[in-house]
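Colleague: Any chance you can model this:
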Amino acid sequence: MFACDIAPCRVIIADDVDDIREMVRFWLDGVDDEFLIVGEAADGVEAIVAAETHQPDAIILDLSMPKMDGLSAIAEIRRRSPDSKILVMSGFDSTVMSSKALQLGADAYVEKGTGFNELTRVLRRLCDQAA
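Modeller: Residues are numbered from 1 along each chain as shown. Predicted coordinates for the structure are as follows:
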């Protein structure tokens, strides 16, 4: 049984592109009440504030954002919301950036070209670990 079978997995979406946040939110809202979007952020600073405020189960975090990039935000998110799982979703090639993101404290990495079914699978796994 997945944790999201018991209660919705509380998620923050952090990406500077409005359309990407909207697509991810639309997709996750349609997945059988498994996910609840509790916040959104358009840059790393907003992601840190949202994580501290909402203490989500998971954060979907882009790397390339204004004010503060996702890599710089990971450690502060980890400090302010230690139980939240961080899923980096980036347009950068995973062979280069995934190891860096994981070293800094991210829990998983998916490329933006990855299909929504894979994104959902990884997010379910993280939410199950957060429970």
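
Colleague: mind checking the SS state of Ser99?
Modeller: Ser99 carries the three-state label helix when classified by DSSP: H, G, I helix; E, B strand; the rest coil.

Colleague: which residues touch it?
Modeller: Contacts for Ser99 were tallied using Cβ atoms under 8 Å, 6 or more residues apart in numbering; there are none. Yep, even glycine has a C-beta here, placed from its N, CA and C like the rest.

Colleague: could you check the distance from it over to Asp83?
Modeller: Taken as Cβ to Cβ, to the nearest Å, the spacing of Ser99 relative to Asp83 amounts to 24 Å.

Colleague: Kindly report the same for Ser64.
Modeller: 26 Å.

Colleague: Do a quick rundown of the strands in the chain.
Modeller: For the chain, the strands defined by DSSP state E cover 9-14, 35-41, 58-61, 85-90, 108-111.

Colleague: Provide a list of residues in contact with the residue nearest the centre of the chain.
Modeller: Centroid-nearest residue in the chain: Ile60, 1.3 Å away (criterion: Cα atoms, centre = their mean). Residues near Ile60 by Cβ under 8 Å, 6+ apart: Val11, Ile12, Ile13, Ala14, Asp15, Val24, Leu87, Met89, Leu119, Leu123.

Colleague: For these, give me a markdown table that also has pLDDT.
Modeller: As requested, the contacts of Ile60 are exported to a markdown table (pLDDT from 0 to 100):
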| residue | pLDDT |
| --- | --- |
| Val11 | 96 |
| Ile12 | 97 |
| Ile13 | 97 |
| Ala14 | 96 |
| Asp15 | 94 |
| Val24 | 93 |
| Leu87 | 95 |
| Met89 | 88 |
| Leu119 | 89 |
| Leu123 | 93 |
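
Colleague: Quick check: Met23 vs Val31, distance?
Modeller: Taking Cβ to Cβ as the measure, Met23 falls 13 Å from Val31.

Colleague: in this structure, which helix has the most residues?
Modeller: The longest helix of the chain (DSSP state H) is helix 116-130.

Colleague: Point out the other helices and strands that it packs with.
Modeller: With contacts taken as 3 or more Cβ pairs under 8 Å, 6 or more residues apart in numbering; DSSP states H and E, helix 116-130 sits against helix 3-6, strand 9-14, helix 18-29, strand 58-61, strand 85-90, strand 108-111.
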